[in-house]
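>>> Here you go, sequence then predicted model.
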Amino acid sequence: MKTINIHLGLESNLTLTYQFYDNPIANICYERMQDQENKLIERDIFKGFGETIEELREELQQITDILKTKMEFEFDDVLDTNKLHVNFPRYNDKYLDDPEVLPLLRKFNRIIHHIEHLGRTKNKVFQFACIDGGIDFKEEWYQYFTPYKRKGEMYMHYPHVGKHFLELFLDNDVDVLPEQIMITNKVANTFSFWCGEDMYAEGEREKIFYGRLKSFYDKIADKLPYKWGDPRLAIGYVPIGKFIGNIDEFVQEIGQNKFVHSWSF
């Protein structure tokens, strides 16, 4: 049985153990994590654990004000998250080697996604992304993507700068610039741990859901690299494991230890 222990809290106060599924993406993530350095882009991405959109907007405004003192940073209304997305890809590459500006830009981007999450759902999730360039996706692996989430599951999280199709759909971002769209094409050590309720559709509800996805696709089809039905659209995320036990019993402790300390096997 392949498992990973996720240690949370400033002093590794809480350990959560996940078992990897037997699919190509899960197997690759498991193998690549064996030699992964404990270097993360951020360690405190915990969504739905009591924070509010108003608090996040205040923090976003503070970061925006700081960035404007350090660079030519185009000011946008912090209430319009779709427009704010334009700024991060534009500046990320330019300041990739700047140890002062890059962390601020990454936090700027993370808070935008955080606000969008709270605007869509109250479900709890935590994430972390290792500093990892990843490896190229093989075409036969795209079949493992799903737009659904299930309680206690571990997913390979989106590893790129930009927005993927499901995110565009959920934000109804029909005005997205083509250069902002980045369909998942790498397997990387980026993880998402769903602590919320199951989010999936079956039968007639599933037909309705996919009908809505197709209607949105038609609105932005000229900006996308693939036709509808092509698995390379990579709709959603890849499930790569599941929590061993009942995650509901640990939600309160997770909320008290919102820091990814390390992992072990």
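On my side now, so go ahead. Residues are numbered from 1 along each chain as shown.

>>> okay, now Ile247: neighbour count?
For Ile247, the neighbour count with other CB atoms under 10 Å is 20. All C-beta atoms are positioned from the backbone trio N, CA, C, and that covers glycine.

>>> can you tell me which residues contact it?
Ile247 is in contact with 16, 151-152, 195, counting by CB atoms under 8 Å, 6 or more residues apart in numbering.

>>> Against Thr17, how distant is it?
11 Å (CB to CB, to the nearest Å).

>>> Quick one: neighbours of the nearest residue to Lys39 once chain neighbours are set aside, just the number.
Excluding its sequence neighbours, the residue lying closest to Lys39 (CB to CB, 6 or more residues apart in numbering) is Ile131, at 4.5 Å. Neighbour count for Ile131, taken as other CB under 10 Å: 12.

>>> right, and Ile131 touches Ile41 too?
Yes. Counting by CB atoms under 8 Å, Ile131 touches Ile41, with 6.3 Å between them.

>>> list residues touching both of those two?
Common neighbours of Ile131 and Ile41 (CB under 8 Å, 6+ apart) do not exist.

>>> circling back: out of the contacts of Ile247, list just those in helices.
Under the assignment DSSP state H, the contacts of Ile247 contribute nothing to helices.

>>> Distance to Ala188 and neighbour count added to the residues you listed, as a markdown table?
Formatted as a markdown table, these follow (distance: CB to CB, whole Å; neighbours: other CB atoms under 10 Å):
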| residue | distance to Ala188 | neighbour count |
| --- | --- | --- |
| Leu16 | 21 | 23 |
| Lys151 | 24 | 17 |
| Gly152 | 22 | 20 |
| Cys195 | 22 | 23 |
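
>>> What is the most widely separated pair among those residues?
Leu16 and Lys151 (13.4 Å; CB to CB).

>>> show me where the stretch 101-250 of the chain has helices.
101-120, 165-171, 203-220 (DSSP state H, counting those that start in this stretch).

>>> closest one to Lys94 among these?
Short answer: helix 101-120, nearest of these by CB to CB, at 8.9 Å.

>>> Only the buried residues of the closest one, if you could.
101-102, 104-118 (16 or more other CB atoms under 10 Å).

>>> hmm, back to that, how close does the residue nearest to Lys39 get to Thr121?
Taken as CB to CB, the span from Ile131 to Thr121 is 28 Å.

>>> how about the strands of the stretch 151-265 of the chain, start to end?
Ranges of strands within the stretch 151-265 of the chain are 153-156, 186-187, 190-194, 238-243, 260-264, based on DSSP state E, counting those that start in this stretch.

>>> can you tell which of the ones you listed is closest to Ile6?
strand 260-264 (5.4 Å).

>>> what helices or strands is the closest one leaning on?
strand 3-8 (3 or more CB pairs under 8 Å, 6 or more residues apart in numbering; DSSP states H and E).

>>> Run through who's touching the strand it packs on.
In contact with strand 3-8 (CB under 8 Å, 6+ apart) are residues 14-20, 30, 33, 126, 193, 241, 244, 254, 257-265.

>>> Please produce a ChimeraX select command covering the buried subset of those.
The following ChimeraX line selects those of the contacts of strand 3-8 that are buried, judged by 16+ other CB under 10 Å:
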select :14,15,16,18,20,30,33,126,193,241,254,257,258,259,260,261,263
